[in-house]
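1. Okay, sequence plus prediction incoming.
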Amino acid sequence: RAGGARLRMMGDERVEDEESKRRDGYKALSSVPTAGGGLEGLVPSEADDSNFDNSGVESVVVCENTGIHMQDLSLNRSPRQDGTQSNGKTMVSLCKVIVGGPAPLLMPWAMKSMGLLGGAMGTMVIGILSARASRMLLTYTDALICESGKDGHTYVDVSRDAFGDLGGRMVFGVTMLTSLGVCGAYMKFIGGTLAAVSLTPGTLANRFFPGLPEAWWQIAAAAVIIPLNSLVHMKSFMSFAAIVGLGGVFMAVAAVLAYGFAMPTWTVATAFSSLPLFTHPVKFFSAFGVLPLLFCVHWQILPIARGMSNREDAQLCFTQATTLCVLANAAFGILGYSFFGSETSSLILNNLGGTTIDTFVRYSLVVDMIVSAPIMLNALREIIEKKIVAKQIAIAPRWVQQSIIRTVLVMMSVLVARLSSVGEIANLVGGVAQCTLAFIVPPALKIKGGRRWGSPEQAAGLDQPLTG
């Protein structure tokens, strides 16, 4: 098309931007003054270029956060394909991804290690940075969709486009560490919890499987998780998993709060007076990884965004979900720490003393993590299957390849669970892998995208003339 070449020849004349009523955080380029009297001299086929309306570039928008220019993806001709999930269901799914698993129950221990004010400030900072980084990732991905004319890009695809094969491989390795680390923490919790419950007289686990070792419980959980992997593409399963997960976490939080508020030694007037506001930096960072583990779920953002019926609101949904989870987790962490003080366990359920409600809550969390594990493995599974299965490599039938990949991923998470404790796995994964995917790669994408699509005549989605 002539549009890209025509814009490149405009010279150095100034592009006038004005506020647009389109997507929040974007501006539309409403007019581009052209050299030599505008577009009158063009033949009709050139003047009617589909990229332009009213002799301007009103179909091009610029992201205020990243400076990336692109075709407006709200237009009907966009190559981006919307899904079926409503904004409300997407919010529930995002909250489930953020607070799913044992991470919220580690917050009181994190507050103990970081101090009341230090922990609260750290939680807010990580939440804010996480929301900003998600916009950078989503914006670059939108621009890549415009440029390539194809949807369905994974985090690895985006990184490979920006940084080459080496960058793509590095992001794939970090994504694998993240997914397997999170699921390994799940498996560690499942095995340790059920093994402990099986030793408690009067429980169902003790009645039917007395003293069954932790490893066997993990293998049993894997046997359930493996077939569940085939249901992840179903929207009904995603909604079911989100509801079950949030319900399990809510019951655990409610049990801790009820137990704490009922303690005769706890009063509002004295609960916080003896607790430190800040701690030593070494102690602070010993638990810092819990915060990225909660909020840095960027390797999951792209699959969730693709499922939205209105993908223009993906960033808004993520920001709202992050804000809600920041407030809730900070409040729970502070209260939980105030209940038990220096005796606060790395997993606060251990402070409940093995009550009946504690056992019930542990069962519900086990169910939560079993249905959540396929979701946490979804991004990694999608990347691997796209690489192997989608290319129709003639190793075996498609369903056999998929089954092997999913089984291997689940069993690798079991092996990770055998390495360390829940807290140590969470700190390693959150502090290293998830921080890389959230706070290093998206800013690098912003810089790369600004250089690549940083002006209207280079907007993603416009045909570019050959240079040099």
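-> Done, it's in. As the structure is a prediction and not an experimental result, all values here were calculated from the model.
2. Tell me how many other residues crowd the closest residue in space to residue 114 that isn't next to it in sequence.
-> Nearest non-adjacent residue to residue 114, counting by Cβ to Cβ, 6 or more residues apart in numbering: residue 284, 4.8 Å away. Every C-beta, even on glycine, is put in place using the N, C-alpha and C of the backbone. Each residue near residue 284 was counted by other Cβ atoms under 10 Å, and the total is 17.
3. let's have the chain start at 55 instead
-> All right, first residue 55 from here; so that's residue 338.
4. Sticking with residue 338, tell me its helix or strand.
-> For residue 338, the element it lies in under DSSP states H and E is helix 335-340.
5. ok, back up a step: how about the residue nearest to residue 168, what does it touch?
-> 167, 168, 169, 172, 176, 332 (Cβ atoms under 8 Å, 6 or more residues apart in numbering).
6. Quick one: the residues you listed as a markdown table, columns for distance to residue 442 too.
-> What follows is the contacts of residue 338, written out as a markdown table (distance: Cβ to Cβ, whole Å):
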| residue | distance to residue 442 |
| --- | --- |
| 167 | 41 |
| 168 | 42 |
| 169 | 47 |
| 172 | 45 |
| 176 | 40 |
| 332 | 49 |
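7. Just name whatever secondary elements the helix or strand hosting residue 370 is in contact with.
-> Using DSSP H and E, residue 370 maps to helix 368-394. Counting contacts by 3 or more Cβ pairs under 8 Å, 6 or more residues apart in numbering; DSSP states H and E, helix 368-394 is packed against helix 141-153, helix 161-168, helix 170-202, helix 289-315, helix 344-349, helix 355-360.
8. after it, next one along is what?
-> Counting by DSSP H and E, the element after helix 368-394 in chain order, helix or strand, is helix 410-442.
9. Just after that next one, pick out the following helix or strand.
-> helix 452-471.
10. Mind listing what's buried along that next one?
-> The neighbour-count check on helix 452-471 (16 or more other Cβ atoms under 10 Å) flags 455-457, 459-461, 463-468, 470-471 as buried.
11. next one: stretch 312-332
-> 313, 314, 320, 325, 329.
12. how about those residues in JSON lines, adding pLDDT and distance to residue 365?
-> Formatted as JSON lines, the buried residues of stretch 312-332 follow (pLDDT from 0 to 100; distance: Cβ to Cβ, whole Å):
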{"residue": "313", "pLDDT": "92", "distance to residue 365": "42"}
{"residue": "314", "pLDDT": "93", "distance to residue 365": "41"}
{"residue": "320", "pLDDT": "91", "distance to residue 365": "46"}
{"residue": "325", "pLDDT": "87", "distance to residue 365": "45"}
{"residue": "329", "pLDDT": "92", "distance to residue 365": "44"}
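13. just those residues now: which is nearest residue 227?
-> residue 329 (39.6 Å; Cβ to Cβ).
14. Any regions of the stretch 105-254 of the chain where pLDDT drops low?
-> 105-112, 130 (pLDDT under 70).
15. buried subset of the contacts of residue 338?
-> For the contacts of residue 338, a burial check counting by 16+ other Cβ under 10 Å picks out 167, 168, 169, 172, 176.
16. can you tell me which helix or strand residue 81 belongs to?
-> Here residue 81 is assigned to strand 80-85, by DSSP H and E.
17. I'd like the average pLDDT over that strand.
-> Averaged across strand 80-85, the pLDDT comes to 67.
18. and the helix or strand residue 211 falls within with helix 170-202, angle?
-> Per DSSP H and E: residue 211 is located in helix 209-251. Relative orientation of helix 209-251 and helix 170-202, computed by axes from the mean of the first three to the mean of the last three Cα atoms, to 10 degrees: 140 degrees.
19. now for helix 209-251, which elements pack on it?
-> When contacts are defined as 3+ Cβ pairs under 8 Å, 6+ apart, helix 209-251 packs onto helix 170-202, helix 258-262, helix 268-282, helix 410-442, helix 452-471, helix 476-482, helix 495-506.
20. Which one, of those helices, ends up nearest to residue 146?
-> helix 410-442 (12.2 Å).
21. Which neighbouring elements make contact with the closest one?
-> Helices and strands touching helix 410-442, by 3+ Cβ pairs under 8 Å, 6+ apart, are helix 141-153, helix 209-251, helix 268-282, helix 289-315, helix 355-360, helix 452-471.
22. what about 6 Å?
-> With contacts defined as 3 or more Cβ pairs under 6 Å, 6 or more residues apart in numbering; DSSP states H and E, helix 410-442 has these neighbours: helix 209-251, helix 268-282, helix 289-315, helix 452-471.
23. Redo these as a markdown table? Include distance to residue 125.
-> Output for the helices and strands packed on helix 410-442, formatted as a markdown table (distance: least, Cβ to Cβ, whole Å):
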| stretch | distance to residue 125 |
| --- | --- |
| helix 209-251 | 17 |
| helix 268-282 | 38 |
| helix 289-315 | 28 |
| helix 452-471 | 34 |
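24. Please name whichever of the ones you listed is nearest to residue 151.
-> Of all the helices and strands packed on helix 410-442, helix 289-315 comes closest under Cβ to Cβ, at 8.4 Å.
25. which helices and strands does the closest one pack with?
-> Judged by 3+ Cβ pairs under 6 Å, 6+ apart, helix 289-315 is in contact with helix 141-153, helix 368-394, helix 410-442.
26. between the buried residues of stretch 312-332, which is nearest residue 443?
-> The closest of these, once distances to residue 443 are taken by Cβ to Cβ, is residue 313, at 47.9 Å.
27. Would you agree that closest one is in contact with residue 405?
-> No: using Cβ atoms under 6 Å, residue 313 makes no contact with residue 405, being 7.9 Å away.
28. hey, what's in contact with both of these two?
-> Common contact partners of residue 313 and residue 405 (Cβ atoms under 6 Å, 6 or more residues apart in numbering): none.
29. so where is the stretch 255-404 of the chain shaky, pLDDT-wise?
-> The model of the stretch 255-404 of the chain has no residue with pLDDT under 70.
30. For residue 121, grab the count of nearby residues.
-> The burial count for residue 121: 16, using other Cβ under 10 Å.
31. my bad, should have said residue 225
-> Counted with other Cβ under 10 Å, residues neighbouring residue 225 total 25.
32. Excluding covalently adjacent residues, which one is nearest to it?
-> For residue 225, the spatially nearest residue (Cβ to Cβ, 6+ apart) is residue 213, at 3.9 Å.
33. list the contacts for that neighbour?
-> Shown here is residue 213, whose contacts under the criterion Cβ under 6 Å, 6+ apart are 221, 222, 225.
34. Between these, which sits nearest residue 269?
-> Out of these, the member with the shortest distance to residue 269 (by Cβ to Cβ) is residue 225, at 31.9 Å.
35. Need the phi and psi values for residue 127.
-> Per-residue torsions, residue 127: phi -80, psi 0 (degrees, to the nearest 10).
36. What is the neighbour count of it?
-> By other Cβ under 10 Å, 22 other residues sit near residue 127.
37. doesn't residue 134 make contact with it?
-> Yes: assessed by Cβ under 6 Å, residue 127 is found in contact with residue 134 at 5.2 Å.
38. measure the residue nearest to the spatial centre of the chain to residue 432 for me?
-> The centroid of the chain falls nearest to residue 351 when counting by Cα atoms, centre = their mean (2.4 Å). For residue 351, the distance to residue 432 (Cβ to Cβ, to the nearest Å) stands at 12 Å.
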